[in-house]
Each structure stands twice: as C-alpha cells, then as structure tokens.
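1. with the input below, show me the fold.
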Amino acid sequence: MQIKFLGVGSAFTTQEYFQSNLQITAESGKKLLIDCGTDVRFSMMENSISNEEIDAIYISHLHSDHIGGMEWMAFTTYFNPKKDRPRLFMEKELIKEIWESSLKGGLGSIEGKRMHLTDFFRCTGIPNEGTFEWERIQFTIIRMRHIMNGYKNLYSYGLIFRDLKTRSPWIFLTTDTQFQPGLINRMADQAALIFHDCETSPFKSTVHAHYDELKTLPLSVKRKMWLYHYQPNPVHQPEMDGFKGFVKKGQIFEL
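-> Below is the predicted model of the structure:
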C-alpha cells in the first residue's frame, strides 16, 4: 500500500501546497482518492494522474476544499465510455446530504434526463465507526468534531486503516478536526502512524487543531504524528517539538 499526498494545504492555500487531498494505491494498482477538493484536477495533473485511474473516492465532509472537484470528477467520468463509475464511500448521512446540498444543482439534469448521485458513482454509506473494505484494505470511519455551532453541527470523518494482506500497521488520518486530545490518545494506542490536521495561522480559528495545541500532546504520540492541512509558509519546526514533521506536497509513504 502506498499513500501519496497530492496536496497538504488548508482551504485557502497556494499552488505550492494545494488543498489536502491524498491517494492510496493498493497492491493491485487501483487508486482510492481521499477527498476531492476544488484544485484536485491540478494536483492530479501535476502528479500525472488521470481520473481514469481513480477506482474509488472517500469524502470526509462537505467543505469545498474536500468536495469542490466532485462535479468535475462526475462529469468527466460519466462522459468517458472507457470509465466505470467510481466507487464513493462516505458516512451514511453525508452521502445523502452531498447530493441535496452540494451537487444536485450542477449534476441534477443532463439534456432533460433527471440524474442522481448513483448515476455518477457507485455509492456506499457507512455508519460512524463502521467499516468498509476496498482492495484488501480495511477502513473504519471516525467522527471528528469540526464546526459545532449548536444549530447544525458539521462533523468530519477521519479514517483508521490497514492493509489486510500485508498486515501493515494501523494508520490514522484525522481529516479536518478540532483539537481532541482524548480521542487522539486513544487512536495512538492503535495506530503506528498518524496524519493530523494542523492549523499554523497566527490566530486560532477554533475549527482546526492548532499547532500550539498539538504541541501539548505526549511525546509518545507526537513521535507517531505527521502534520498536514497547514497554512502556507509555516514558521514552526515540528521535528524540534517531537513531531515527525510537516508532510510535503507529493510526499509518498510506502507501507
């Protein structure tokens, strides 16, 4: 199994970083795209990846830096006779909401034909802490607090996963999250490697874990942790603070 970060930046980033989207390549060679943000077609192009190569997509939540490329992906695969519908994995409530709240306006009709999400993707909804399997890789989705406004809370769904064939170590990917030390410590007991959302701006937004907060974690946890989804030109020195470092755009992890 190979993990490649096509982008590592926050929502409002630059071409030097791209928004945080990553690709998992299974032993079979099939590719799973984790999140499909606004600039994903450019980050895929930079990495010489065609959308014909994408077998499946996992979407963590409904912000545009994670779903802004879905209309492009839907149309370009739908009108490609050589391409099967990609599989789409999402939390079961979000998979309903992505159509009605985000995609229906652009994808809902083609030359008079009424369309649905299932016309573009082979959809699988998963409950919180439920599992799915793709190409002998097992995934469990983990609900992460992201935006809690008391009216309509917006959760992001991280992943803990491992290759079942090679028995690789468990990996935890937070996706977008507030600082949740209790959950992170619990996940660190299972996972050998953690990729964590990390805000590096001078002012804390409260909807992402900030570097200063993550720095307070136990050293045993930080030693497992790579930081991504950061703002351009971070001034911090994560290795000096016990972390593995900032993930770089295009960085590959072989597991």
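2. ok, the closest residue in space to residue 97 that isn't next to it in sequence - how many residues close by?
-> Sequence neighbours aside, residue 62 is the residue nearest to residue 97 in space, at 6.6 Å (criterion: C-beta to C-beta, 6 or more residues apart in numbering). Glycine gets a C-beta too; all of them are placed from N, C-alpha and C. Residues near residue 62, counting by other C-beta atoms under 10 Å, number 17.
3. residue 62 is in contact with residue 94, isn't it?
-> Yes - using C-beta atoms under 8 Å, residue 62 is in contact with residue 94, at 6.5 Å.
4. coming back round to it: and the residue nearest to residue 97, how far from residue 169?
-> The gap separating residue 62 from residue 169 is 30 Å, by C-beta to C-beta, to the nearest Å.
5. over to residue 193?
-> 6 Å.
6. any shared contact partners between those two?
-> Shared contacts of residue 193 and residue 169 (C-beta atoms under 8 Å, 6 or more residues apart in numbering): residue 255.
7. please enumerate the helices of the chain.
-> 40-46, 64-67, 70-78, 92-97, 104-107, 181-190, 211-214, 219-222 (DSSP state H).
8. need those in a markdown table with mean pLDDT, can you?
-> Output for those, formatted as a markdown table (pLDDT from 0 to 100):
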| stretch | mean pLDDT |
| --- | --- |
| helix 40-46 | 96 |
| helix 64-67 | 97 |
| helix 70-78 | 96 |
| helix 92-97 | 94 |
| helix 104-107 | 96 |
| helix 181-190 | 95 |
| helix 211-214 | 98 |
| helix 219-222 | 97 |
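9. ranking the ones you listed by burial, who's on top?
-> Compared across the helices of the chain, helix 64-67 shows the largest average neighbour count, a mean of 22 (mean count of other C-beta atoms under 10 Å).
10. what does it contact?
-> Contacts of helix 64-67 (C-beta under 8 Å, 6+ apart): 10-11, 19-21, 35-38, 59-61, 98, 102-103, 156, 175-176.
11. now with 10 Å?
-> Residues from elsewhere that reach helix 64-67 (C-beta atoms under 10 Å, 6 or more residues apart in numbering): 7, 9-13, 18-21, 34-40, 57, 59-61, 70, 73, 90, 94, 98, 101-103, 156, 175-176, 229.
12. my guess is residue 144 contacts residue 174. True?
-> Yes - Residue 144 lies in contact with residue 174 (C-beta atoms under 10 Å); the separation is 5.9 Å.
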